[in-house]
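>>> Dropping a prediction and its sequence here:
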Amino acid sequence: SQQGEEDPQALSIQEGENATMNCSYKTSINNLQWYRQNSGRGLVHLILIRSNEREKHSGRLRVTLDTSKKSSSLLITASRAADTASYFCATGLMNRDDKIIFGKGTRLHILP
Amino acid sequence: DAGITQSPRHKVTETGTPVTLRCHQTENHRYMYWYRQDPGHGLRLIHYSYGVKDTDKGEVSDGYSVSRSKTEDFLLTLESATSSQTSVYFCAIRRGGTQGAYEQYFGPGTRLTVT
C-alpha cells in the first residue's frame, strides 16, 4: 500500500523560479526522505528529515515536515534545467528501520 | 553511486522463461533491496535481504524469488516470466544514518521486457 503521496503529479516552471512539491502520508513515521530520479537513471538520495525536526536545508533544497498534518514539502529555489527530474518522497515507519516506502513521485520540468 | 552494479542492464525474454537479475555491491552493506518501477505506481518493494541467506518479502513478491549467498550479491529470479513483469528493476543498498533513519542508494536499473 502507498504510504506517501506526492502532489502535484507533474509541475512545469520557468528556469529561475522556485519549485514546491508536497508529500502526504498516512501512518506515524520515524523519518521522511526525498529522492530525485533523472530520466532512465536510478534514484538519488537528496535529504532526510527526522520526525522531531521541522525544517532542513541542503544547498538550494529546503524540506519541511509537519507531523500533525502528516505532510512534508520540498522547495527547490532558483531552479535550473538540471533540476528536471522526478522527485519521490519516502517514509521510514516507526519501529521499522529495515525498509522505507516510496510515493509515486512528482515530475518536475524546468522550462528554459 | 555506492558501488552498485546491476546485470544485465537490458533484457528481452519470452513468457514462461526463467530470468535472473543480479545486483552486486562492493561496500559490504548488510541490507539490499529489489524494487520494480512502473508508470503510475512509483517504486514498489519486491524482496529485501538483511544478511546472507536472510530475506523477506515486500509488497509485490508474488512471482519472484531471491537469493543471497554472499554479502555482495543479491539475485532476483522470475521463475516463469509473465508480461505483467515487464518493468524496470532497481537494486538498492541501505547505508549510513543512525538507528531508525537510513538512506538508500540505488543501482542503475535493469529494463526487462517480457514478450
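Received it, and whenever you're ready, just let me know what you need.

>>> what does stretch A:40-53 contact?
Surrounding stretch A:40-53, the residues in contact under the criterion C-beta atoms under 8 Å, 6 or more residues apart in numbering or on different chains are A:28-38, A:55-56, A:58, A:61, A:63-65, A:67, A:72, A:74, A:87-88, A:94, B:43, B:90, B:92, B:97, B:101, B:103-109. Every residue, glycine included, has its C-beta placed from N, CA and C.

>>> And for stretch B:26-39?
Outside stretch B:26-39, the residues that touch it by C-beta under 8 Å, 6+ apart are A:98-99, A:102, B:2-4, B:21, B:23, B:25, B:43-51, B:58, B:60, B:64, B:66, B:68, B:71-72, B:74, B:76, B:85, B:87-95, B:102, B:104, B:109.

>>> In strands, which of these fall?
Taking DSSP state E, the ones among the contacts of stretch B:26-39 that sit in strands are A:102, B:4, B:21, B:23, B:25, B:43-51, B:64, B:66, B:68, B:74, B:76, B:87-95, B:102, B:104.

>>> and the nearest residue to residue A:14 once chain neighbours are set aside, how many neighbours?
Take residue A:14 and drop its neighbours on the chain: the residue closest to it by C-beta to C-beta, 6 or more residues apart in numbering or on different chains is residue A:111, 5.2 Å away. With neighbours defined by other C-beta atoms under 10 Å in any protein chain shown, the count for residue A:111 comes to 11.

>>> again, but for residue B:98
Counted with other C-beta under 10 Å, residues neighbouring residue B:98 total 8.

>>> Show me what from chain A comes close to chain B.
Applying C-beta under 8 Å from any C-beta of the partner chain, one finds that chain A approaches chain B through A:1-2, A:30-31, A:33, A:40-45, A:48, A:50, A:88, A:90, A:92, A:95, A:97-105.
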